[in-house]
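> Here is the input, now give the coordinates:
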Amino acid sequence: MAAVCCAGLECAAALSIRSVTQNRRVRKASSLMAENHSGIEIVKNPPESHLSDLGVRSWPKWGCPPSKFPWKYSARETCYLLEGKVKVLPDGADEPVEIAAGDLVVFPKGMSCTWDVSVAVDKHYKFD
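As a prediction, this is how the structure comes out:
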């Protein structure tokens, strides 16, 4: 596909700029692609710009020490783990889902699960 530069001419520089811009968009989109495990969506290490767009740093915080407990999500929860390591076992799932510091996670409304916290958790969270 031909690219047109500021002078209205096709040129290598315009092609190069278009290619770099498209590659950045693809890398940004792919870096934000969520993994889905048993209905839990996880984005590993999202860029700070994405966290800012979501307003994550203004969300309430919650934390807990290493422990194991059942939990039911009465609403959809989005959270960002600042610290910690957890294995979440959704009811009926064969394998736990591992989440850790730096993960942006979405738990669906209605999910029942068991949290097995191996490293103390500190997270920002928001219920929808």
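> Was I right to think residue 43 contacts residue 36?
No - taking C-beta atoms under 8 Å as the definition, residue 43 is not a contact partner of residue 36, at 10.7 Å. Any C-beta I mention is one placed from the backbone N, CA and C, and that applies to glycine too.
> out of those two, which sits in the more crowded spot?
More neighbours surround residue 43 than the other of residue 43 and residue 36, with 19 against 11 (other C-beta atoms under 10 Å).
> what's the spacing between that one and residue 67?
Distance of residue 43 to residue 67, given as C-beta to C-beta, to the nearest Å: 25 Å.
> And for residue 56?
Between residue 56 and residue 67 the distance is 24 Å, computed by C-beta to C-beta.
> Show me which of the two is the more surrounded one.
The neighbour comparison of residue 56 against residue 67 (other C-beta under 10 Å) goes to residue 56, with 20 against 12.
> contacting residues around that one?
Residues near residue 56 by C-beta atoms under 8 Å, 6 or more residues apart in numbering: 80, 104, 124, 126.
> Please name the bridge partners of the residue nearest to residue 67 when sequence neighbours are not counted.
The spatially closest residue to residue 67, leaving aside those adjacent along the chain, is residue 117, at 5.2 Å (C-beta to C-beta, 6 or more residues apart in numbering). Beta-bridge pairing of residue 117 under DSSP bridges involves residue 67, residue 86.
> residues in contact with residue 117?
Neighbour list for residue 117: 64-68, 84-86 [criterion: C-beta under 8 Å, 6+ apart].
> again, but for residue 44
Residue 44 neighbours (C-beta under 8 Å, 6+ apart): 35, 102-103.
> ditto for residue 81
By C-beta under 8 Å, 6+ apart, the residues touching residue 81 are 99-103, 105, 121-123.
> Cheers, nothing more for now.
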